[in-house]
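Novice: please work out how this folds:
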Amino acid sequence: MHVDLPGRHYKGLNLTDFKSLGLSDLLLKAIEANGYDVPTPIQRDAIPYILKGDDLMGLAQTGTGKTAAFGLPLVDRLLATPQASQPRGTRALILAPTRELVNQIAKNLVSFVKGTPLRVSSIVGGVSINGQIKRLERGTDILVATPGRLLDLVERRAVRLDTASFLVLDEADQMLDLGFIHALRKIASLVAKKRQTLLFSATMPKQINELAQSYLTDPVRVEVAPAGKTADKVTQKVHFMDSKAKTDFLINLLCEGPDDMSLVFCRTKHGAERLMKKLVSCGISAGSIHGNKSQNQRDRAIKGLREGEIKVLVATDVAARGIDIPGVSHVYNFELPEVPEAYVHRIGRTARAGANGDAIALCAPEEIGLFRQIEKLTGNRIEVASGDVPSDRAAVSPRRGKGGGQRQRSSGNGGYGGRESNGKSKNAGKADADRRPRRPRRRPQGERSAAA
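Specialist: Numbering: from 1, shown residues only. Have a look, this model is predicted:
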């Protein structure tokens with residue numbers, strides 16, 4: 001929901017094309033080359049404030065163009081103040097929670113800076129750190145990174161952050177869920193004090209306000225969708241059944257649309273791998289991505305889905321964050337997420353770029369509480385496609401733990417938020433999403449607001 005906060009309030013800007021947003025001619029050419037037509041709401045409302053140099057807190061559904069909302073004005077501002085890159089330094093730092101999201105952001109930024117002297121670099125875990133150290137020696141203009149690997153490089157003195165005058169926190173809610181709050185605090189202390197900071201999120205738990213108060217200075221708040229709102233063009237349905245019936249039921253659904261491009265979400269890495277192998281044994285072309293897969297394996301699986309070599313990708317929440325494949329027509333929640341906000345992110349993998357999509361949930365009796373939390377968060381009564389509806393379904397009451405969200409631990413294999421291994425990492429860079437400590441609760445502070 002929208003939170004009324006103290007401070008100045010700004011009316012939404014009535015800007016319907018990129019030229020009117022104030023972007024330079026060079027960026028307008030890049031926009032045309034990328035096939036963009038009309039700015040999305042988050043782009044329309046955020047870009048002018050970012051060009052002015054304001055700190056900004058943006059809330060928008062996943063798949064609505066947030067990367068361009070901060071990427072285009074960031075590139076514009078860097079081009080307007082040309083500087084030579086300092087050894088091991090960066091002029092702009094963008095943090096994202098997962099490898100896939102970092103790679104997706106970097107890919108988009110590379111298309112924005114084409115034909116300019118600006119360089120874009122990305123660093124993630126799961127690949128050789130020595131090659132990354134070598135590439136960073138001469139410095140870069142824009143560095144996109146996961147927090148864990150970035151701190152590894154900082155500790156090795158392979159990268160300097162005091163040269164960065166722009167800091168972007170993308171998918172901030174996921175950063176919190178993955179336990180990166182301490183890493184973010186350390187990184188923010190290393191970035192130049194005089195900087196522009198941008199924070200983007202698809203959901204707005206209370207801790208995001210704490211994050212904004214810590215890192216942003218008098219930020220503008222741009223909200224183009226209520227927190228927890230799902231994409232308008234996603235048709236949502238739920239099938240109630242016993243957990244043992246889920247696998248066969250899913251196989252039947254997938255066989256009904258053999259040409260559909262589908263994502264299937266599981267809670268654990270072992271469950272995802274087991275389900276993928278079962279689908280393959282039934283003749284369904286499927287792949288999987290999760291914490292046990294190397295970066296190359298994850299990249300190949302995503303490429304296989306994108307190019308049609310496989311039709312079904314079974315994933316955990318962490319591994320799937322950042323997947324941007326416009327052709328995904330169906331998202332199946334084989335298991336409901338333990339954190340209701342994750343449902344919004346999951347089904348946001350379909351109906352991207354204005355397309356239509358279907359989100360189908362398979363709900364076992366023991367997951368009814370999770371289902372009710374999802375309905376409460378989204379404000380939707382999800383259509384029941386089959387099965388017996390719980391008699392007390394209307395009595396929606398969340399089961400929240402400390403920190404503003406349910407934080408149950410799955411025995412053995414972990415669950416949402418990347419807790420996919422049994423061991424604990426001694427270093428954040430060993431895995432970019434293997435820890436999720438409890439977050440302290442603090443009273444949210446205000447910032448000025450920009451109505452969409």
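Novice: tell me which residue is most central in the chain.
Specialist: Nearest to the mean C-alpha position of the chain, counting by Cα atoms, centre = their mean, stands residue 171 at 4.4 Å.
Novice: got the contact list for that one?
Specialist: Residues near residue 171 by Cβ atoms under 8 Å, 6 or more residues apart in numbering: 96, 97, 101, 200, 201, 202, 321. To be clear about C-beta, it is placed using only N, CA and C from the backbone, and glycine gets the same treatment.
Novice: mind listing the strands for the stretch 151-300 of the chain?
Specialist: Assigned by DSSP state E, counting those that start in this stretch, the stretch 151-300 of the chain shows strands spanning 166-169, 196-201, 220-223, 234-240, 262-265, 286-289.
Novice: so where does residue 28 fall, helix or strand?
Specialist: Per DSSP states H and E: residue 28 is located in helix 25-33.
Novice: remind me which residues of the stretch 151-300 of the chain are low pLDDT?
Specialist: The model of the stretch 151-300 of the chain has pLDDT under 70 over residues 225-232.
Novice: ranges for the helices of it?
Specialist: Along the stretch 151-300 of the chain, counting by DSSP state H, counting those that start in this stretch, helices occupy 172-177, 181-190, 206-215, 246-256, 269-281, 295-306.
Novice: reformat these as JSON lines; add mean neighbour count.
Specialist: Putting these into JSON lines (neighbours: other Cβ atoms under 10 Å) gives the following:
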{"stretch": "helix 172-177", "mean neighbour count": "28"}
{"stretch": "helix 181-190", "mean neighbour count": "16"}
{"stretch": "helix 206-215", "mean neighbour count": "20"}
{"stretch": "helix 246-256", "mean neighbour count": "16"}
{"stretch": "helix 269-281", "mean neighbour count": "19"}
{"stretch": "helix 295-306", "mean neighbour count": "18"}
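Novice: could you export these as a markdown table, including distance to residue 106?
Specialist: Output for the helices of the stretch 151-300 of the chain, formatted as a markdown table (distance: least, Cβ to Cβ, whole Å):
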| stretch | distance to residue 106 |
| --- | --- |
| helix 172-177 | 17 |
| helix 181-190 | 18 |
| helix 206-215 | 22 |
| helix 246-256 | 32 |
| helix 269-281 | 25 |
| helix 295-306 | 13 |
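Novice: quick one, domains of this protein?
Specialist: Domain assignment for the chain by automatic domain parsing gives 9-223, 234-386.
Novice: how about stretch 258-267: buried residues?
Specialist: 261, 262, 263, 264, 265, 266, 267 (16 or more other Cβ atoms under 10 Å).
Novice: which one of those sits closest to residue 206?
Specialist: residue 267 (24.2 Å; Cβ to Cβ).
Novice: got the CA positions of stretch 153-162 in CSV?
Specialist: Written as CSV, here are the backbone C-alpha positions of stretch 153-162 (Å, rounded to 0.1, in the frame of the first residue of the first chain):
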residue,chain,number,x,y,z
LEU,A,153,37.3,-7.6,-4.1
VAL,A,154,37.4,-4.7,-1.6
GLU,A,155,39.2,-6.8,0.9
ARG,A,156,41.8,-7.8,-1.7
ARG,A,157,42.2,-4.1,-2.6
ALA,A,158,41.2,-4.9,-6.2
VAL,A,159,38.5,-2.2,-6.3
ARG,A,160,38.0,1.3,-4.8
LEU,A,161,34.6,2.6,-4.0
ASP,A,162,35.5,6.1,-2.8
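Novice: the residue nearest to the centre of the chain and residue 271, how far apart?
Specialist: 24 Å (Cβ to Cβ, to the nearest Å).
Novice: repeat for residue 168
Specialist: Using Cβ to Cβ, residue 168 is found at 33 Å from residue 271.
Novice: before we move on, what about residue 325?
Specialist: Residue 325 sits 22 Å away from residue 271, going by Cβ to Cβ.
Novice: residue 374 contacts residue 338, doesn't it?
Specialist: No - at 10.9 Å, residue 374 and residue 338 do not qualify as touching, with contact defined as Cβ atoms under 8 Å.
Novice: between the two, which is the more surrounded one?
Specialist: Per other Cβ atoms under 10 Å, whichever of residue 374 and residue 338 has more neighbours is residue 374, with 29 against 22.
Novice: what helices and strands are in contact with the helix holding residue 28?
Specialist: If contacts are counted by 3 or more Cβ pairs under 8 Å, 6 or more residues apart in numbering; DSSP states H and E, helix 25-33 sits against helix 66-80, helix 99-112.
Novice: quick one, what contacts residue 79?
Specialist: Residue 79 neighbours (Cβ under 8 Å, 6+ apart): 24, 26, 27, 116, 118.
Novice: which one of those sits in the busiest neighbourhood?
Specialist: residue 27 (23 neighbours).
Novice: kind regards, and thank you for your time.
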